[in-house]
Each structure stands twice: as structure tokens, then as C-alpha cells.
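*Asks:* pasting the structure only:
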């Protein structure tokens, strides 16, 4: 196993990780990105983005390609498609099948993923009627009918957001009352475009090229029914990608990493940026901003770094 040493190793190559790499490398520190996938993160799978400043419409893959080219300009070392075996955050050692990375600082940018419904058709229709981001994709459903699955704040708030575009928004919830805050519920109940379907779960998502129907099951009667829609937005929660190092630093009840406003974690020299940390908004632009902040403060940390601490 080849041993490689860097001032900063960034775990994750999405918008947060690539932004951090650009800012770290511009700070004249040796920088590497390690990812289990190809670089680009979730946005690489988005057909189009309409809310990234400077681009009225841009394909997700094209935008992330520009991020990557920018990182290349500053000499960032990239290690995609790595099978990571272990991550020791305290000693800042990352082991993959091929390499052992030793760092002075680590920036965690492993992101998060929406919790899936786990029903037939969900995976097949991602990007063709199944979306996990109303802010990203809501405008594509202008004058159409969509369904939001969930009953918490995120689900209800996103349902209200979708009424800006869709003619009708169904909110499908497995219980007979919402979990969202009362003030959020009151606003939704007053919205004439929103209709609630209680005590129901999605059993299957159907369509031809695009989504056209969801099969619902009433959890009290077990009766099945078909609902004609053009899009499905599951909002049953987010899961941080922390399996490799969970428990090594301070996390909230859902596993998201707790940071201060400089992106510093509870471990000295370890920063977390983007969707993997506790944050009120998970968007490409906020992830990129986090990456910039985290990298700037990682560089500041390195300026006071004592060689005696090298592992």
C-alpha cells in the first residue's frame, strides 16, 4: 500500500468538496480529494439546474465538470473511485485498497442522501418524475399535478413551494395528522392547491417514459387505489453519509456532523462542509459556500500547525 502525505485531504468530491479543494489549493497547501465515486456528487445526476447563480439553465454534469476543471487548474490531486477501508479522523489517516493517505487536516464533504421510499418504480423514474428536491425541480412541473410524500416540516414546506408551479399538490402521509410545526400546518391547510391524503403509503410508482401514476395503500383498510400525477417528491428524511467514521466526532441525533460557523468539528483539524453537516438548507450553492469557508479555515489551521503533531 502506497503512503501519500498531504496538508489537506478532502473526503468527497461533490460541490462542497470541489469548492473546498479550490480554496485550499489556492491557499498554497497540498490538497487531495478522495471519493468512493466519480467526482461531481449528486448534482452530476441532475438533468438541469435553474437556481445556480450565473447560469439561467445548466446541466448538473456540465456544472460539476466546470468545478472539477477549476480544481485541476490549481493542481488538486484527485483520487476518485476509491474503495475506502477505514477512516481515522483523530490521527487523520484514510486507508483505501490502494493508498494510505496521511493528512494534517481533513475536510469531510461526503454529503447526504434522501431516504428512499423503497418501492417499485422509484429508482427507475428518478429524473423522470421522481425528485428529491422541490427547489431544484419544481419549475419543471408548471401546470402539472404532483405528490409529496411525508408529513414533517420539509414535506409540508416543499408542498407549499410546489404550489408556485403545479396546479395541484397532493400530500400523502401515513398518519392521520402531520408532524410539521403547527404554524406550517396552518399555512398548508389554507392553501387551496394542496390536498391531503391521510393514512396512506406509496406502494408503487408507474408510468411509461415519465411518471403517470402512484399506487397507494390505506394503512387502516389495506385498500389499494391509483392516483394520477406527473411527479413524486419523497420527503421522509435525509441520511448523512457518515458510515465510515460515525461516532468519531460530535453528531446530532440524526447523524449529521455538528460544526461551528467556520466549519470546524469537535476534532482538532477536522472540518465538515456541505450536506453532511447540520445546515438549514442543502443546495449546490450552499455546499460550495461551505467548502470555501471550511477550506479557508483549514488553511488558517495549517498556518499554526506544529510539525511535532505529524502522525
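*Replies:* Thanks, I have it. Treat the numbers as computed from the prediction; the structure is a model and nothing was measured.

*Asks:* list the buried ones in the longest helix out of those in the chain?
*Replies:* Looking across the chain with DSSP state H, the single longest helix is helix 284-303. Buried residues in helix 284-303, defined by neighbour count with 16 or more other Cβ atoms under 10 Å: 284, 286-299, 301-302. Where C-beta positions appear, they are placed from N, C-alpha and C, glycine not excepted.

*Asks:* how about the helices in the stretch 101-250 of the chain?
*Replies:* Applying DSSP state H, counting those that start in this stretch to the stretch 101-250 of the chain gives helices spanning 134-137, 153-162, 182-190.

*Asks:* by mean pLDDT, show me the worst of the ones you listed.
*Replies:* Set side by side, the helices of the stretch 101-250 of the chain give their lowest mean pLDDT on helix 134-137, at a mean of 85.

*Asks:* which helices and strands does that one pack with?
*Replies:* helix 153-162 (3 or more Cβ pairs under 8 Å, 6 or more residues apart in numbering; DSSP states H and E).

*Asks:* contacts for the helix it packs on next, please.
*Replies:* Contacting residues not belonging to helix 153-162 are listed as 134-135, 138, 141, 146, 148-150, 169, 171, 173, 178-181, 184-185, 187-188, 191, 194, 233, 235-237 [Cβ atoms under 8 Å, 6 or more residues apart in numbering].

*Asks:* what about 7 Å?
*Replies:* 134-135, 138, 141, 146, 148, 169, 171, 178, 180-181, 184-185, 187-188, 191, 194, 233, 235 (Cβ atoms under 7 Å, 6 or more residues apart in numbering).

*Asks:* follow-up on the earlier one: distance to residue 89 and mean neighbour count added to the helices of the stretch 101-250 of the chain, as JSON lines?
*Replies:* Below are the helices of the stretch 101-250 of the chain laid out as JSON lines (distance: least, Cβ to Cβ, whole Å; neighbours: other Cβ atoms under 10 Å):
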{"stretch": "helix 134-137", "distance to residue 89": "31", "mean neighbour count": "21"}
{"stretch": "helix 153-162", "distance to residue 89": "29", "mean neighbour count": "22"}
{"stretch": "helix 182-190", "distance to residue 89": "36", "mean neighbour count": "13"}
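
*Asks:* for residue 42, give me the pLDDT.
*Replies:* So residue 42 comes in at 84 (pLDDT).

*Asks:* tell me how far it lies from residue 287.
*Replies:* Per Cβ to Cβ, to the nearest Å, residue 42 is found 9 Å from residue 287.

*Asks:* what do the two both touch?
*Replies:* With Cβ under 7 Å, 6+ apart as the test, residue 42 and residue 287 both reach residue 14.

*Asks:* from residue 201, how far out is the nearest residue in space to residue 168 that is not next to it in sequence?
*Replies:* Spatially, and ignoring its direct neighbours in sequence, residue 168 is nearest to residue 145 (4.7 Å; Cβ to Cβ, 6 or more residues apart in numbering). Distance of residue 145 to residue 201, computed by Cβ to Cβ: 19 Å.

*Asks:* and the lowest-mean-pLDDT helix or strand in the chain, how far out from the chain's middle?
*Replies:* The weakest-scoring helix or strand in the chain, judged by mean pLDDT, DSSP states H and E, is helix 134-137 (a mean of 85). Put simply, helix 134-137 sits 13 Å off its chain's centre (Cα atoms, centre = their mean, to the nearest Å).

*Asks:* give me the contacts around that helix.
*Replies:* 46, 49, 51, 131, 158, 161, 162, 233, 283.

*Asks:* so who does the fourth one touch?
*Replies:* Taking Cβ under 7 Å, 6+ apart as the contact definition, residue 131 lies against 137, 231, 233.

*Asks:* give me that answer again for 10 Å
*Replies:* For residue 131, the contacting residues are 46-47, 114, 125, 137-138, 140-141, 146, 211, 231-234, by Cβ atoms under 10 Å, 6 or more residues apart in numbering.
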